[in-house]
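Engineer: no sequence on hand, only this structure:
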């Protein structure tokens, strides 16, 4: 949580919890060699009262000779849930201070009482064990919560012993806010009628769930490394493997994939996770569902997760021989990669008669000026394969060879003039296939670059 010599920003609102945190860290700063500074966020919702809070905290910073960082929000014009908007705005500011190198970490004054309220709030909204782990003591974004093992009452008693004054935010009593109704109505009622020790019980639930989460944080990277292949904004998984997993593991794996593709789990609930499990269990390999800006597509036995803005566009490039070309946005089977085509001119030595990656270069040069173009597959494309009686739609070949739907958009095709000369995996067109009369051969070598972003 703390390392010697760190620059630590302390978020101070002026209330008891944040002041208790600041004074505790002031007593510890010599031991840890900390460079403390004070961060105050004016939510600009209470007029003169907000300004008085800011001045109060500023005076404290000056009293202890601490650097002072004031940020003012404009939330009045924001739509949606005001509590959520304020929270997101605060954490954006904290992250900016960390990324900018102003501080190494930001300390927040959440207590065990806040933990209890968070667990109950999330339980009422249908959270699973990950949500019930509550407020994390240390986060990857650089926030820490040193007071998470003490209650709000303990902090207030500690401040009273030291005769440290604090300010009360008048909005903390307003029952229009969800958190305040939990704190002032629901929890006291449950304590009176069900369990006097409810806050501690809820906090213990968080402790229990947190350790479960710590285990899964270590286990999930192993599972995803073995079974899932990620690229920017996408992931591919074998649905048969997912279907065969124990339910608890499958749910965890799905959440991990969605979070890595989307960047967070906002808007993702139990019904979404179960919907993906049901999609994986379908006997027929087709299906599609959308969850909170992530699209999940089933094609044959593959599941593909992608952000909704992961649209592919048509592309093409003129070819020269020899040359090396990277196919954009390519996914193949159970892994994601860039596909690389290397073109080379060679003499026919008789081994290319049945090679699906060879073209008669002389014949290709005679067709429409011999302009070789590499492009992606497009709807309606058809050609006559070597050894087949007539033209076939490439879309039908995709079905026959079980090519997942998301691979098709970037499927490599070489054209000569208006004719399709070669299609990846399916080979050359009959009119361009190498035979015993061919003298110059275009050799096409395909390879994959795992994790490629081209």
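Structural biologist: On my side now, so go ahead. Since the model is a prediction, treat every value here as computed from it, not as a measurement. Numbers count the residues shown, from 1 in each chain.

Engineer: any weak-confidence spans in this structure?
Structural biologist: Scanning the chain for pLDDT under 70 picks out 75-80, 309-312, 328-340, 347-356, 365-370, 448-454.

Engineer: for residue 195, give me its contacts.
Structural biologist: Taking Cβ atoms under 8 Å, 6 or more residues apart in numbering as the contact definition, residue 195 lies against residue 201. Using the backbone N, CA and C atoms, a C-beta is placed for each residue, glycine as well.

Engineer: list the buried ones in the longest helix that the chain contains?
Structural biologist: Criterion DSSP state H: the longest helix present in the chain is helix 198-227. Neighbour-count burial for helix 198-227 flags 198-199, 201-203, 205-207, 209-210, 213, 216, 220, 223-224, 227 (criterion: 16 or more other Cβ atoms under 10 Å).

Engineer: by contact count, what packs against that helix?
Structural biologist: helix 112-124, helix 129-132, helix 187-193, helix 247-262 (3 or more Cβ pairs under 8 Å, 6 or more residues apart in numbering; DSSP states H and E).

Engineer: what's the second one in contact with?
Structural biologist: By Cβ under 8 Å, 6+ apart, the residues outside helix 129-132 that reach it are 119, 122, 123, 125, 205, 206, 209, 212, 213, 255, 265.

Engineer: quick one: distance of it to the chain centre.
Structural biologist: Relative to the centre of its chain, helix 129-132 is centred 18 Å away, using Cα atoms, centre = their mean, to the nearest Å.

Engineer: would you mind finding the most buried of the helices and strands packed on helix 198-227?
Structural biologist: Most buried of those, by mean neighbour count (mean count of other Cβ atoms under 10 Å): helix 112-124, with a mean of 21.

Engineer: which helices and strands does that helix pack with?
Structural biologist: When contacts are defined as 3+ Cβ pairs under 8 Å, 6+ apart, helix 112-124 sits against helix 129-132, helix 152-161, helix 178-181, helix 187-193, helix 198-227.

Engineer: for residue 61, find the nearest of these.
Structural biologist: helix 152-161 (17.2 Å; Cβ to Cβ).

Engineer: other residues contacting that closest one?
Structural biologist: By Cβ under 8 Å, 6+ apart, the residues outside helix 152-161 that reach it are 16-17, 19-20, 23-24, 109, 111-114, 147, 166.

Engineer: picking up where we left off before, nearest to residue 85, out of the helices and strands packed on helix 112-124?
Structural biologist: helix 178-181 (13.2 Å).

Engineer: would you quantify the distance from the residue nearest the centre of the chain to residue 307?
Structural biologist: Nearest to the centroid of the C-alpha atoms of the chain, with distances taken as Cα atoms, centre = their mean, sits residue 263, at 2.2 Å. As judged by Cβ to Cβ, to the nearest Å, residue 263 and residue 307 stand 9 Å apart.

Engineer: check residue 106 too.
Structural biologist: Taking Cβ to Cβ as the measure, residue 106 falls 29 Å from residue 307.

Engineer: nearest to residue 295, out of the helices and strands packed on helix 112-124?
Structural biologist: So among the helices and strands packed on helix 112-124, helix 198-227 is nearest, using Cβ to Cβ, at 19.2 Å.

Engineer: now stretch 20-39: buried residues?
Structural biologist: Quick answer for stretch 20-39 (16+ other Cβ under 10 Å): 20, 21, 22, 23, 24, 25, 29, 34, 36, 37, 38, 39.
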